[in-house]
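S.K.: Starting from these lines, generate the structure:
(2 chains)
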Amino acid sequence: MSPPREAEPIPERSGGQRSWLAAPLLLYLGLFLVYPTLYAVKLAFTDALTGDFPSGANFQLLWHDRLFWRAAAGNIVLPLLSVALELTLGLALAVFLAARFPGRRLLRAVVIVPFALPEIVFLTVMRYVFAPRGYANAALLAAGLGPVDWLLPGRVLTFLTVVAVDAWHVTPVVFLMLLAALSAIPEEISEAAELDGARGIARFAFITLPLLRPALIAAVILRGLDALRVFATPLVLTGVEGVPVLSTYAYHQWSDYGNDGAAAAAATLLALLSVVATLPLLRRRVAA
Amino acid sequence: MKRGKMLLVALGVVVAVIDLLPLALILKQAFTPDKESFAWPPTWLPHQLTAENFRGLQSAIRLDQGLWLSVFVALLTVASSLALALPAAWVAAQRPRLDRPLDAAMIVTRLFPSIALAVPLAALFVHLRLYNNPAGLGLWLAHTLLGIPFAFLILRNGLRSVPLELEEAARLDGASALGTFWRITLPLVRPSLAAAGILVFLVSWDEFAYALLLQVTNRSLPPLLYYLAAFGYPGMASAVAAIMLVPALCIILVLEPALRSGVLSGSGR
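M.R.: Have a look, this model is predicted:
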């Protein structure tokens, strides 16, 4: 699929030893990425009451907090469901918009619109859509159905609403990645498949899907890593206790209890989870 | 065949309605009185148009301060991200051996959870008077961290596409390395600089988590919008949302090709 660009080494350009030009950037990352991360680890292992270091007090607090365990579980389940739904919808959209029909070009632009809205703007509208007296229930009413409580805390439906809203917003990204890959499939392959009698679903399953594999994997990795640090969607739609994840839990400890230590402990666990999940991606790229 | 096309068009209309609905509802709520948003069932189309929500914002939340803060932080973030990323991107474009580790650092930076940094940054910024800073300087420093990876990826890819021969010719004509960069290379990557600048502006303008944690009372637009909606002002919240849309929608034209090439999704190549 991807051209073997990395295979032939890019020639070293003239200009001599100018590695120091990267120094300001690296210094910045050291000051504002590495140092705060280390500081968070220190906060996480410091007892807020006695000032003892190292201390496991903050992690003990987390261990005995039911909300933390819900947040930890949510931080696994929510990304899995979101990525699965976004991949399905993104693939469906890409296949649909690869077909020829009037208005297709316009529709390709329209499909991007949800992602062009700033996250907080999109979530604010969703709040009005899924409110008890909101637009979703108004649509149900018009269809002769009863109202639904979309966002009551601690229910499965609430979880699914959050997943659906996340998908509504970011499916365009997956769509664009898959559409690009789909357009890159050479016409001859489709024609050959057609001649061999492969049609419809068979052609999709045995020809198209395998050719899309690299793009699908890339989409899963990138969307998955993004989904791990989900914050605004559950917070804006359900508050800190409706569909908790690690980042909203850390925010809750920091903002509602002023407990820097517990917030840092949860934040450190989230950072660890993110970095570990990033490792396969780094290895792929370094190996490439 | 004809029926198949009709079906596709019908499906297209459904998709378009779903994808345009959020935008349409913001605009409707922003330009209609609150009683239409509170009605049951809520109105889908505006009955009465008004600019009242926009007028109310100034006295309710000091809109000018939030707007100024958002613009100021976004512009500073563009300047700092480009200034830090450009030299590093130049080195990375020239020397693959340095590109690998820089590239990896950019991925980690881009995927690092904001909250995991916002909590320690808030604690550190308190001592530096950067926490809840009236000019948003703490927020600027955090946003620069978000801007750097995008700026680096776009600029490095742009710099890579500059033909080697051009630079070599300039060097043979006696220009210094920096002179060559300044007079030959930089003008050639102006489109990349523009694309990176626009993207970084939007990243800062849209950002919510750092803004919520670092500007607790001197709020920029995203947290202002969050609290307006939380406290039950659909009209004014939608008006702020509509204001936030202006740069985003202006720039979608530029953003779309960037998305297509995978820059925004972080794949970069």
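S.K.: contacts and neighbour counts: CA atoms only from here.
M.R.: Noted.
S.K.: how about the helix or strand encompassing A:Leu140, does it reach chain B?
M.R.: Applying DSSP states H and E as the criterion places A:Leu140 in helix A:135-142. Yes: applying C-alpha under 8 Å from any C-alpha of the partner chain, one finds helix A:135-142 touching chain B at A:Tyr135, A:Ala138.
S.K.: same for that helix, what does it pack against?
M.R.: Packing partners of helix A:135-142 (3 or more C-alpha pairs under 8 Å, 6 or more residues apart in numbering or on different chains; DSSP states H and E): helix A:119-129.
S.K.: Now do the buried residues in the helix holding A:Leu140.
M.R.: A:Tyr135, A:Ala136, A:Asn137, A:Ala138, A:Ala139 (16 or more other C-alpha atoms under 10 Å in any protein chain shown).
S.K.: what residue ranges in the stretch 51-200 of chain B are flagged as low confidence?
M.R.: The model of the stretch 51-200 of chain B has no residue with pLDDT under 70.
S.K.: For A:Phe96, see how far away the residue lying closest to A:Ser19 once chain neighbours are set aside is.
M.R.: Setting aside the residues directly before and after it, A:Ser19 is nearest to B:Val91 in space (C-alpha to C-alpha, 6 or more residues apart in numbering or on different chains), at 6.2 Å. The spacing between B:Val91 and A:Phe96, counted by C-alpha to C-alpha, to the nearest Å, is 42 Å.
S.K.: Likewise for B:Ala85?
M.R.: Distance, B:Ala85 to A:Phe96, using C-alpha to C-alpha: 39 Å.
S.K.: same thing with A:Gly242?
M.R.: Relative to A:Phe96, A:Gly242 is positioned 35 Å away (C-alpha to C-alpha).
S.K.: Give me the more crowded residue out of these two.
M.R.: Between A:Gly242 and A:Phe96, A:Gly242 has the larger neighbour count (other C-alpha atoms under 10 Å in any protein chain shown), namely 21 against 16.
S.K.: What separation do you get for the residue nearest to the more buried one when sequence neighbours are not counted and A:Arg70?
M.R.: Closest residue to A:Gly242 apart from its sequence neighbours, by C-alpha to C-alpha, 6+ apart: A:Pro153 at 4.0 Å. Using C-alpha to C-alpha, we find A:Pro153 at a distance of 12 Å from A:Arg70.
S.K.: Same check on B:Ala39?
M.R.: Where A:Arg70 is concerned, B:Ala39 sits at a distance of 36 Å (C-alpha to C-alpha).
S.K.: residue boundaries of the helices in the stretch 101-250 of chain A?
M.R.: When assigned using DSSP state H, counting those that start in this stretch, the helices of the stretch 101-250 of chain A occupy the ranges A:104-116, A:119-129, A:135-142, A:156-183, A:187-195, A:200-203, A:209-228, A:232-242, A:246-256.
S.K.: so which of those helices gets nearest A:Thr50?
M.R.: Smallest distance to A:Thr50 across the helices of the stretch 101-250 of chain A (C-alpha to C-alpha): 18.4 Å, for helix A:246-256.
S.K.: After the closest one, which helix or strand is next?
M.R.: Using DSSP H and E, the next helix or strand after helix A:246-256 towards the C-terminus is helix A:260-287.
S.K.: Specify the angle between that next one and helix A:246-256 in degrees.
M.R.: Following axes from the mean of the first three to the mean of the last three C-alpha atoms, to 10 degrees, one obtains 150 degrees for the angle between helix A:260-287 and helix A:246-256.
S.K.: in helix A:260-287, what counts as buried?
M.R.: A:260-271, A:273-275, A:277-278, A:281-282.
S.K.: tell me what it is packed against?
M.R.: With contacts taken as 3+ C-alpha pairs under 8 Å, 6+ apart, helix A:260-287 sits against helix A:35-44, helix A:57-63, helix A:209-228, helix A:246-256, helix B:96-111, helix B:114-128.
S.K.: by how many degrees do it and helix B:96-111 diverge?
M.R.: Here helix A:260-287 points in a direction 140 degrees away from that of helix B:96-111 (the same axes, to 10 degrees).
S.K.: Can you tell me, leaving aside adjacent residues, what's nearest to the residue in the stretch 101-250 of chain B that chain A sits nearest to?
M.R.: Proximity to chain A, evaluated over the stretch 101-250 of chain B using C-alpha to the nearest C-alpha, is greatest for B:Ala116 at 4.4 Å. Of all residues not flanking B:Ala116 in the chain, A:Ala267 sits nearest, at 4.4 Å (C-alpha to C-alpha, 6+ apart).
S.K.: so what pLDDT did that neighbour get?
M.R.: On pLDDT, A:Ala267 comes in at 95.
S.K.: CA-only coordinates of stretch A:227-236 in PDB, if you can.
M.R.: Extracted as PDB, the C-alpha positions of stretch A:227-236 are listed here (Å, rounded to 0.1, in the frame of the first residue of the first chain):
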ATOM      1  CA  ALA A 227      -9.900   7.800  23.000                       C
ATOM      2  CA  LEU A 228      -7.800   6.700  26.000                       C
ATOM      3  CA  ARG A 229      -7.500  10.300  27.200                       C
ATOM      4  CA  VAL A 230     -11.100  11.200  26.600                       C
ATOM      5  CA  PHE A 231     -12.200  14.000  28.900                       C
ATOM      6  CA  ALA A 232     -14.600  16.600  27.700                       C
ATOM      7  CA  THR A 233     -17.300  14.300  26.200                       C
ATOM      8  CA  PRO A 234     -18.200  12.400  29.500                       C
ATOM      9  CA  LEU A 235     -17.600  15.500  31.600                       C
ATOM     10  CA  VAL A 236     -19.900  17.900  29.600                       C
END
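S.K.: anything in it sitting right up against chain B?
M.R.: Yes: looking at stretch A:227-236 against chain B by C-alpha under 8 Å from any C-alpha, the contacts come from A:Arg229, A:Phe231, A:Ala232, A:Val236.
S.K.: and that stretch, how far out from the chain's middle?
M.R.: 9 Å (C-alpha atoms, centre = their mean, to the nearest Å).
S.K.: Touching it from outside, list them.
M.R.: Contacts to stretch A:227-236, defined as C-alpha atoms under 8 Å, 6 or more residues apart in numbering or on different chains, come from residues A:75-76, A:78-79, A:82-83, A:119-120, A:123-124, A:127, A:162, A:165-166, A:240, A:242-248, A:270, A:274, B:112-114, B:208-209, B:226.
S.K.: wait, does stretch B:235-249 contact chain A?
M.R.: Yes: Stretch B:235-249 lies within reach of chain A by C-alpha under 8 Å from any C-alpha, at B:Ala237, B:Ser238, B:Ala241, B:Met244, B:Leu245, B:Ala248, B:Leu249.
S.K.: Need the max-distance pair from the residues you listed.
M.R.: Using C-alpha to C-alpha, the two most remote members of these are B:Ala237 and B:Leu249, lying 18.2 Å apart.
S.K.: ok, those two, which is more surrounded?
M.R.: Here B:Ala237 and B:Leu249 are set side by side on neighbour count (other C-alpha under 10 Å), and the busier one is B:Ala237, at 28 against 15.
S.K.: how does the chain divide up, domain by domain?
M.R.: No chain specified, so I'll use chain A. What automatic domain parsing lists as the domains of chain A is A:31-64+A:257-288, A:78-243.
S.K.: actually it's chain B I care about, not the one you picked
M.R.: Chain B breaks down by automatic domain parsing into domains covering B:1-50, B:63-260.
S.K.: is chain A contacted by the first one?
M.R.: Yes: using C-alpha under 8 Å from any C-alpha, we find that domain B:1-50 touches chain A at B:5, B:8-9, B:12, B:15-16, B:19-20, B:22-23, B:25-26, B:40-42.
S.K.: what's the closest non-adjacent residue to A:Gly103?
M.R.: Excluding the flanking residues, the one nearest A:Gly103 by C-alpha to C-alpha, 6+ apart is B:Val9, at 7.6 Å.
S.K.: picking that back up, ok, the residues of domain B:1-50 next to chain A vs A:Pro210, which is closest?
M.R.: B:Leu8 (24.8 Å).
S.K.: Can you give me the neighbour number for the closest one?
M.R.: By the criterion of other C-alpha under 10 Å, B:Leu8 has 19 neighbours.
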